[in-house]
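Novice: Have a look; sequence and predicted model below, questions after that.
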Amino acid sequence: MLGQIFDHDFPLTFLEALVKFFSASFAFLFLAGSIGGLIFLIHFLFTLPMRRMERARLFLDLLESAVKRGQSVEAMILSIAQNRDRTLGVRFHLLAAHIESGLRLVAALEKVPRFLPLQIAAMLRVGEKLGDLRRVLPACREILRDRPAAVRSAMHYMILVVLLFSPVFIFVVMLTAVTVIPRFKEVAAGMGVTLWPLTTFVFALVDSGGLIGFEIIISLLMFGAVLIYIGGPQLVRWFQFRGLPFVDWIAWRVPWKQKRLQRTFSAMLAVLLDGGVPEAEAVRLAGDCTANEICRRRSQRVIGALQQGTRLDDAVRAFDDSGEFHWRLTNATHARGGFLNALRGWHEALDAKAFQQEEASAHAVTSGLVILNGVLVALIATGMFGILIACINAALLW
């Protein structure tokens, strides 16, 4: 019995089992790590826009508390940075480093453009010119309203479809085109059957790569939309040209973005008018706060109308083609409590419409992508079943 235990084959068998165990363990750990990394990446991408907005809201809260205490904003930023608080992210400490070198808040924000949204930074610049940051904080908070849960769910569903469903579908179609369809063709050729016209058409599309190429183009377009949503305005600015504001033109043509730009212009104009800023200067600064070249050009038209003697509520027709801003501002001039309070209802209505349009667009895109993929799968399945049916009919005739 001892001879059997210490047989010379025992160490080799034991080593093989040990290698298999460690190989299986490594494969399991690699798979678990890959799945965990994918889940973390999806969570990171989903929460990135919300974390960006939350960071801006927290920074505004810190600014407001510092101003109420009579503390310098720069001193507040330096004191938080010295405590090594990571809540506001790495760019906050870069901002503190520029302030420590002697720059003021707005100048330091220009050095760290990705710390705050462009519109918020422009509004803070206007607040510094006015000498009171508290005046522009209400308008800043209107921009940073959080998306409703339904809008977030729709956008997350679109991201999930684009990042997971579309790549899997493309891989399955390519695998089918390489391994499955050629076998079906060989069977049909061997039996000498005549293929359906639909089968011939689908297989021609697959062989030419047109079907896969079309799906790849659609997926890349959707992937670009997801990148724009995740990356935010700062990412889009990389494609902006000074002489040709193509990105700003697209932003103005997108319905929900146009409504948010109108809300930003209206809110900042109301704040400036409440602060006693002359109308022409208020319109110019409000146009700059939108961080959109199309809005700046429209605000110049409003200024031109003011210089010709037109009243402000009539001059804003050059900014809003629908004319709603005109009668909203006309009613605000007769209301009490300031322009911002009088226009708050309109700002909330613009936000609600923008969220509704954004949610509807996200659902339409994801539903259309799923339906399109279903149609393509049905075409491929119909083509392959057409061969089977033709082969069965030929066998019955024999």
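Specialist: Perfect, I can see it now.

Novice: quick one: which helix or strand includes Ile387?
Specialist: Element membership of Ile387, judged by DSSP states H and E, is helix 339-397.

Novice: next structured bit after the lengthiest helix in the chain?
Specialist: As far as residue count goes, and with DSSP state H defining each element, the longest helix of the chain is helix 9-69. Heading C-terminal from helix 9-69, the first helix or strand you meet, by DSSP H and E, is helix 73-82.

Novice: Could you check the angle that following helix makes with helix 9-69?
Specialist: 160 degrees (axes from the mean of the first three to the mean of the last three CA atoms, to 10 degrees).

Novice: How far off centre is helix 73-82?
Specialist: Averaging C-alpha positions (CA atoms, centre = their mean, to the nearest Å) puts helix 73-82 31 Å from its chain's average.

Novice: try stretch 386-394
Specialist: On the basis of CA atoms, centre = their mean, stretch 386-394 is displaced by 48 Å from the centre of the chain it belongs to.

Novice: Mind listing what's buried along it?
Specialist: Neighbour-count burial for stretch 386-394, with 16 or more other CB atoms under 10 Å as criterion, is recorded at 386-387, 390-391. (C-beta placed from N, C-alpha, C; glycine too.)

Novice: cool, and stretch 356-374?
Specialist: Within stretch 356-374, the residues scored as buried using 16+ other CB under 10 Å are 356-359, 361-363, 365-366, 369, 373.

Novice: so which of those residues comes closest to Gly89?
Specialist: Gly89 has its nearest neighbour among those in Glu358, at 25.6 Å by CB to CB.

Novice: which residues does that closest one contact?
Specialist: Contacts for Glu358 were tallied using CB atoms under 8 Å, 6 or more residues apart in numbering; they are 147, 151, 154-155, 256.

Novice: where does the stretch 251-398 of the chain dip in pLDDT?
Specialist: Within the stretch 251-398 of the chain, the stretches with pLDDT under 70 are 397-398.

Novice: re earlier: buried subset of the contacts of Glu358, written for PyMOL?
Specialist: Here is the PyMOL command that picks out the buried ones among the contacts of Glu358, judged by 16+ other CB under 10 Å:
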select buried, resi 147+151+154+155+256
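
Novice: okay if I get the contacts of Glu358 as TSV plus secondary structure and distance to Thr264?
Specialist: Rendered in TSV, the data for these read as follows (DSSP: H, G, I helix; E, B strand; the rest coil; distance: CB to CB, whole Å):
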residue	secondary structure	distance to Thr264
Arg147	coil	16
Val151	helix	18
Ala154	helix	23
Met155	helix	21
Trp256	helix	13
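
Novice: pLDDT check: weakest of the contacts of Glu358?
Specialist: Least confident by pLDDT among the contacts of Glu358: that is Arg147, with 72.

Novice: State the distance from the residue nearest to that residue when sequence neighbours are not counted to Asp132.
Specialist: For Arg147, ignoring the flanking residues on the chain, the nearest one in space by CB to CB, 6 or more residues apart in numbering is Phe355 at 6.3 Å. Using CB to CB, to the nearest Å, one gets 31 Å for the distance from Phe355 to Asp132.

Novice: Distance to Leu116 added to the contacts of Glu358, as a markdown table?
Specialist: As requested, these are arranged in a markdown table below (distance: CB to CB, whole Å):
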| residue | distance to Leu116 |
| --- | --- |
| Arg147 | 18 |
| Val151 | 22 |
| Ala154 | 26 |
| Met155 | 22 |
| Trp256 | 21 |
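
Novice: Domain boundaries for the chain, per the record?
Specialist: The chain breaks down into these domains under automatic domain parsing: 10-115, 117-398.

Novice: so which of the ones you listed is the most packed in?
Specialist: Relative to the other members of the domains of the chain, domain 117-398 carries the highest mean neighbour count by mean count of other CB atoms under 10 Å, namely a mean of 17.

Novice: what's the spacing between that domain and its chain's center?
Specialist: Averaging C-alpha coordinates over domain 117-398 and over its chain gives two centres that are 8 Å apart (CA atoms, centre = their mean).
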